[in-house]
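Visitor: could you look at this predicted model? Sequence included:
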Amino acid sequence: MSSALTDLFPYPIVQAPMAGGVSVPQLAAAVCEAGGLGFLAAGYKTADGMYQEIKQLRGLTNRPFGVNLFMPQPETPGASTGSTGAANAAPFNASAVGVYAHQLAGEAAWYETELGDPECGRDDGYDTKIAVLLDNPVPVVSFHFGVPSRDVVDSLHRVGTFALAAATTPEEARAVERSGADAVIAQGVEAGGHQGTHRDHPETGGAGTGLLSLVAQVREAVSLPIVAAGGIMRGGQIAAVLAAGASAAQLGTAFLATPESGAHALHKQALTNPLFVRTELTRAFSGRPARGLVNRFLREHGPYAPAAYPEVHHLTAPLRKAAAKAGDAQGMALWAGQGHRMARELPAGRLVEVLAAELAAAGTALSAFATGGTGR
């Protein structure tokens, strides 16, 4: 079954599922129609909200697409994120979240809003979403923040769905393979948004492995097809990860700037705005390491944010919403990969075509070099 995954889309180009309203049906449909694999992001949505977006996407394209789910979170950082692993975990560090809430009181006053309830849910409606996807199968389902159980993967296979899961280390890739998944998404540290680590180890300080090194290591660790993700913005980079052993490339930030993207206009503009010169991994907005453009909120609160996801996400949600409403990019979560300055404001379908042409050109150049090198 795994070998047929890439047969679903003509070009080895996957649009990353970006939660928070970015990966809307219009974006996924445009990517699918152009020959890539478009994705919906079910994270932070209700099961019914996910179902309604699937229906909308099916009205826009007949091509295969994917849906991404967040795995339920354990109660303590570093604990297993398997679907049954949270039940025996200890309570999260409520005192650390309380201290952080106190620190954010000034932000709440500034934006004239209340802080969110940090204890309003940890499982993101996972079981209900799985039930919906089994009753209404989609071509591909991917998982972030952990590995689904073998039973879930087998159930998806029975309804004809391919299962993928993210990994940030060779060890995590092996866990993906053991689950019976069809492919592993190797996410390098360059990637924008949340790192898909299976265990959130605060002591690592957000350290990670670069994409090309990770793809090579994962290639030697597992026999699964690899989808490479992290900082990819050009077709030449897609060629590089394919040469390193990947079967396809997943791009997020590259599609964030497209007109079909649901990202806030300020977020799109910030990608190439000279005010935002670099990205950084931070817990400031969610309590889990995520790469975003360095702005005031990240600088002031990142060093003090506890390892508490999704509690911090819930806590800061009203602040982020109020900052966006006020047109203040300095208070928003501006998720972006390291290649953000290379973003192009092209329609999503056109971007897929341009990337495919760049990929073909890179392949031609490599072939010419190889031929010349052999003296032929």
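Guide: Yes, it's here.
Visitor: residue contacts, the closest residue in space to residue 193 that isn't next to it in sequence?
Guide: Of all residues not flanking residue 193 in the chain, residue 335 sits nearest, at 4.2 Å (C-beta to C-beta, 6 or more residues apart in numbering). All C-beta spots, glycine's among them, are computed from the backbone N, C-alpha and C. By C-beta atoms under 8 Å, 6 or more residues apart in numbering, the contact list for residue 335 reads 18, 20, 192, 193, 194, 253, 256, 267, 290, 291, 292, 293.
Visitor: for the first one, give me its contacts.
Guide: For residue 18, the residues meeting the contact criterion (C-beta under 8 Å, 6+ apart) are 41, 193, 252, 255, 256, 261, 263, 335.
Visitor: what subset of those is buried?
Guide: Buried subset of those (neighbour count, 16 or more other C-beta atoms under 10 Å): 41, 193, 252, 255, 256, 261, 263, 335.
Visitor: ok, the residues you listed vs residue 277, which is closest?
Guide: residue 335 (16.1 Å; C-beta to C-beta).
Visitor: may I have the phi/psi pair for that closest one?
Guide: phi -60, psi 140 (degrees, to the nearest 10).
Visitor: give the bridge partners for it, please.
Guide: Residue 335 has these beta-bridge partners by DSSP bridges: residue 292.
Visitor: can you read off the pLDDT for it?
Guide: Looking at residue 335, its pLDDT stands at 98.
Visitor: kindly report the same for the one 5 residues further on.
Guide: pLDDT recorded at residue 340 is 98.
Visitor: cool, and residue 91?
Guide: Residue 91 is assigned 47 on the pLDDT scale.
Visitor: same check, this time on residue 5
Guide: Reported pLDDT for residue 5: 87.
Visitor: contact partners for it?
Guide: Taking C-beta under 8 Å, 6+ apart, one finds 140, 162, 164, 182, 183, 225, 247 in contact with residue 5.
Visitor: I'd like the contacts of residue 18 written out as a markdown table, with distance to residue 281 added.
Guide: Formatted as a markdown table, these follow (distance: C-beta to C-beta, whole Å):
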| residue | distance to residue 281 |
| --- | --- |
| 41 | 20 |
| 193 | 10 |
| 252 | 15 |
| 255 | 21 |
| 256 | 18 |
| 261 | 22 |
| 263 | 20 |
| 335 | 11 |
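Visitor: so which of these belong to helices?
Guide: Using DSSP state H, the members of the contacts of residue 18 that fall in helices are 255, 256.
Visitor: re earlier: which of the contacts of residue 5 sits closest to residue 208?
Guide: Nearest member of these to residue 208, counting by C-beta to C-beta, is residue 164, at 19.3 Å.
Visitor: before we move on, what SS does that closest one have?
Guide: Classification of residue 164 by DSSP: H, G, I helix; E, B strand; the rest coil places it in strand.
Visitor: hang on, the earlier thing: how close does the residue nearest to residue 193 sit to residue 252?
Guide: 8 Å (C-beta to C-beta, to the nearest Å).
Visitor: shared neighbours of these two, anything?
Guide: When contacts are counted by C-beta under 8 Å, 6+ apart, residue 335 and residue 252 are jointly contacted by 18, 192, 193.
Visitor: isn't residue 248 right up against residue 10?
Guide: No - Residue 248 is beyond contact range of residue 10, at 11.1 Å (criterion: C-beta atoms under 8 Å).
Visitor: these two: which is more packed in?
Guide: Neighbours per residue (other C-beta atoms under 10 Å) separate residue 248 from residue 10, with residue 248 holding more: 23 against 14.
Visitor: the more buried one: what's it in contact with?
Guide: Taking C-beta under 8 Å, 6+ apart, we find residue 248 in contact with 6, 9, 12, 13, 14, 37, 225, 227, 228, 242.
Visitor: in helices, which of the residues you listed fall?
Guide: Counting by DSSP H, the contacts of residue 248 place residue 242 in helices.
Visitor: among the contacts of residue 248, who's most crowded?
Guide: Neighbour max across the contacts of residue 248 (other C-beta under 10 Å) = residue 228, 31 neighbours.
Visitor: contacting residues around it?
Guide: Here residue 228 is in contact with 186, 188, 211, 215, 241, 244, 246, 248, 249, 250 (C-beta under 8 Å, 6+ apart).
Visitor: what does stretch 195-214 rub up against?
Guide: With contacts defined as C-beta under 8 Å, 6+ apart, stretch 195-214 is touched by 77-81, 144-147, 166-170, 172, 175, 185-191, 217, 228-232, 240-241, 244, 281-282, 288-291, 307, 309.
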